[in-house]
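Chemist: Structure for the following, please:
(chains A and B)
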Amino acid sequence: MSNIIVIAEVREGSLKRPSLEAVTAAQQLAKGSGGHVVAVACGHDLDAAAGELAASGANKVVTIEGATFAHYSGDAYAKAVAEQVRTHDGAAVLMAHTAMGKDLLPRVSALLETGVITDVVDVTCDDGVFGAKKPVFAGKATLTVKATKSPFCATVRPNNFAVASGGDGAEIAKVDAPSGDLLSVVKEIIAAGGDKTPLQEAKVVVSGGRGLKEPENFKIIEELAAAFGPGVAAVGASRAVVDAGWRPHSEQVGQTGKVVSPPLYFAIGISGAIQHLAGMRTARTIVAINKDADAPIFKVADYGIVGDAFEIVPALTKAIQEVVASN
Amino acid sequence: MDIVVCIKRVPATDTAIKIAADGKSIETSGVTFEMNAYDEFALEQARLLKEQLGEATVTAITIGPKEAQKEMRGTLARGADKAVLLTTEHWVYDGASTAEALSTWIKANPAQIVLCGKQATDADNNQMASNLAARLGYGCVTEVSKLELAEGTFTAERDIEGAREVVTCKTPAVISCNKGLNEPKPANLKSIMAAKKKPLEEMPAELPDAAMEVVSLELPPPRAEGKIIGEGADAVPALIELLRNEAKAI
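Modeler: As a prediction, this is how the structure comes out:
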């Protein structure tokens, strides 16, 4: 028993990028365990997603398809996936730490009578013992664990592993989704308006805080994010402005919001409370713009500019537009 | 209707974390503990559901040290009719153990609705609701920010990446609550006084062997000391230069 199972996420027909990052994490484990990587996807009409998975470097792809699986059902997907983990002798099960991953893998782990660790940034397999590292206390500390029950289950934080590619076409097996009663089922997905880039998957996060003075002034934050081009940047917000009702909670970065680790993070008009720092300190490059030179945010920022955000941000937006146009 | 609310006592979110001498847990001396921030939404939702239904019993339950009596007394002041403290002296980092111990209690005291916070702000595991639901054979919706209860079923909304998802689910069910679901109110003096007369049961938690073992708990490596590169819009060209050639971020 040494195979590594990846539960791939398919939403409305398309394979989600963090699932391919989970394949890379699985390959890392398979090197240690000596097993194969088996990607399992649930849904309806999965040919395109299965093809992508087969080309990702997974050794085998299993799709569980049928009309009952057209929309996500935590209980039904979990039963079907747990059965595939048993069939394929899974020693470990990975899934991306997304809204679906957080919902599904704990359920699968319980059916397999084992544990699960979530939001991991690294996975290991030494002498057949699986382990993982994960940020706790919103990143204020890092916990390293080893599994004492089998299979080992973990959700993998997006933007931490490279996207898997370069497979030479794995075998694809189709399994029929079971019919029957679902306890829960997704009825509708309401797009957040426009083509919003998910905060935790964005390559660039531009966050604003109290320093922007008025909710309307978030326009300069949105414009800077837009300057990076479609699908690149997302808008974030501090807890203070979310609590004040300026921005939705879905944009909150920090301990009671989202923890992000994009390659590039902008903190604009954010002083840098410990709560906020916890949510973004693992970003690769941090830029801070604040009028107070003593603001704690400058202690973690790789590059800081002191001054009026209303002068600096529009100039920065223009400069980024020029860079993007010339690239 | 019986409603159970799962609570966790955690360090306050503004705590600066220090590692204990064992290298596997946090130094707790001088740390202020509080009810997990997301549990506030679960507790308030239980109170609102009781109001809506007219008749319901709300039981708050936790697994934690004896000191969690303070947080559990607090739940009684904010709408719970009864509180249960399953005691343990260790920090339970293993969600599977917690889920198993909670499911054992709930199986003996069945509920139609089990509410919990979407995650606890210590281990940040975000796994309790669906883990528990699987053990109970209940339906489950996680990270809920809108909820409408009907007979034997409910409709919930949750944030997913770049969109909102509308989910229908049968009861009994476990629901994990996100910020935005409601606006928790602090307890008033009258309810704090009334809470003193409500039952708070205490018994040892029956925790199974953990599925994970802690190897270490460490502070993250410090970031390199930040630097201020200039003032005002004049510093923008220097920033662009650094982002391009030093950080290679654009």
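Chemist: List the contacts of B:A187.
Modeler: Applying C-beta atoms under 8 Å, 6 or more residues apart in numbering or on different chains to B:A187 gives the contacts B:G74, B:A77, B:R78, B:A195. Heads up, the C-betas are built off the backbone N, CA and C, glycines and all.
Chemist: ditto for A:A55
Modeler: A:S165, A:G167, A:G169.
Chemist: Need the pLDDT of it.
Modeler: Looking at A:A55, its pLDDT reads 95.
Chemist: now B:L132
Modeler: 98.
Chemist: looking at it, it is touching B:L115, isn't it?
Modeler: No: with contacts counted by C-beta atoms under 8 Å, B:L132 stays clear of B:L115, the gap being 10.9 Å.
Chemist: Burial check on B:E225, number of neighbours?
Modeler: Residues lying near B:E225 (other C-beta atoms under 10 Å in any protein chain shown) number 9.
Chemist: what's near enough to touch it?
Modeler: By C-beta under 8 Å, 6+ apart, the neighbours of B:E225 are A:K299.
Chemist: Is it located within a helix, as I assumed?
Modeler: No: under DSSP: H, G, I helix; E, B strand; the rest coil, B:E225 sits outside any helix and is assigned coil.
Chemist: any idea how far it lies from B:E218?
Modeler: 20 Å (C-beta to C-beta, to the nearest Å).
Chemist: what's the answer for B:Q119, then?
Modeler: Counting by C-beta to C-beta, the separation of B:Q119 from B:E218 is 21 Å.
Chemist: neighbour count winner among those two?
Modeler: B:Q119 (28 against 14).
Chemist: helix or strand for that one, which one?
Modeler: Per DSSP states H and E: B:Q119 is located in neither a helix nor a strand.
Chemist: Please tell me the pLDDT value assigned to it.
Modeler: B:Q119 carries a pLDDT value of 96.
Chemist: Same check on B:A224?
Modeler: Looking at B:A224, the pLDDT reads 84.
Chemist: For A:V323, which three-state class applies?
Modeler: helix.
Chemist: What about it, how many residues nearby?
Modeler: With other C-beta under 10 Å as criterion, A:V323 counts 14.
Chemist: Of all the residues in stretch B:226-237, which ones are buried?
Modeler: B:G226, B:I229, B:G230, B:A233, B:A235, B:V236 (16 or more other C-beta atoms under 10 Å in any protein chain shown).
Chemist: Now the phi/psi pair for the fourth one, please.
Modeler: This points to B:A233. phi -60, psi -20 (degrees, to the nearest 10).
Chemist: Which pLDDT value belongs to the closest residue to it other than its chain neighbours?
Modeler: Among residues not flanking B:A233 along the chain, A:A315 sits closest, at 4.1 Å (C-beta to C-beta, 6 or more residues apart in numbering or on different chains). At A:A315, the model reports a pLDDT of 98.
Chemist: try the one 4 residues further on
Modeler: You'll see A:A319 listed with a pLDDT of 97.
Chemist: just to confirm, which helix or strand has the residue lying closest to it once chain neighbours are set aside in it?
Modeler: Of all residues not flanking A:A319 in the chain, B:I240 sits nearest, at 4.9 Å (C-beta to C-beta, 6+ apart). If you go by DSSP H and E, B:I240 is part of helix B:236-241.
Chemist: what does B:E165 give?
Modeler: Assigned by DSSP H and E, B:E165 belongs to strand B:163-170.
Chemist: ok, that strand: who's next to it in the sheet?
Modeler: Strand partners for strand B:163-170, identified by DSSP bridges, are recorded as strand A:184-191 (antiparallel), strand B:153-160 (antiparallel).
Chemist: Buried residues in that strand, which are they?
Modeler: Buried residues in strand B:163-170 (16+ other C-beta under 10 Å): B:A163, B:R164, B:E165, B:V167, B:T168, B:C169, B:K170.
Chemist: The nearest residue to A:E65 once chain neighbours are set aside and B:A37, how far apart?
Modeler: Nearest in space to A:E65, with sequence neighbours left out and distances taken as C-beta to C-beta, 6+ apart, is A:L46 at 5.4 Å. Going from A:L46 to B:A37 by C-beta to C-beta gives 38 Å.
Chemist: Looking at the two, which is more packed in?
Modeler: A:L46 (23 against 19).
Chemist: re earlier: nearest to A:I4, of the strands paired with strand B:163-170?
Modeler: A:I4 lies closest, by C-beta to C-beta, to one member of the strands paired with strand B:163-170: strand B:153-160, at 25.5 Å.
Chemist: Which entries within the contacts of A:A55 meet the buried criterion?
Modeler: Judged by 16+ other C-beta under 10 Å, buried ones among the contacts of A:A55: A:G167.
Chemist: need the contacts of A:A55 in TSV with pLDDT and secondary structure, can you?
Modeler: Listed next are the contacts of A:A55 as TSV, based on pLDDT from 0 to 100; DSSP: H, G, I helix; E, B strand; the rest coil:
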residue	pLDDT	secondary structure
A:S165	89	coil
A:G167	80	coil
A:G169	84	coil
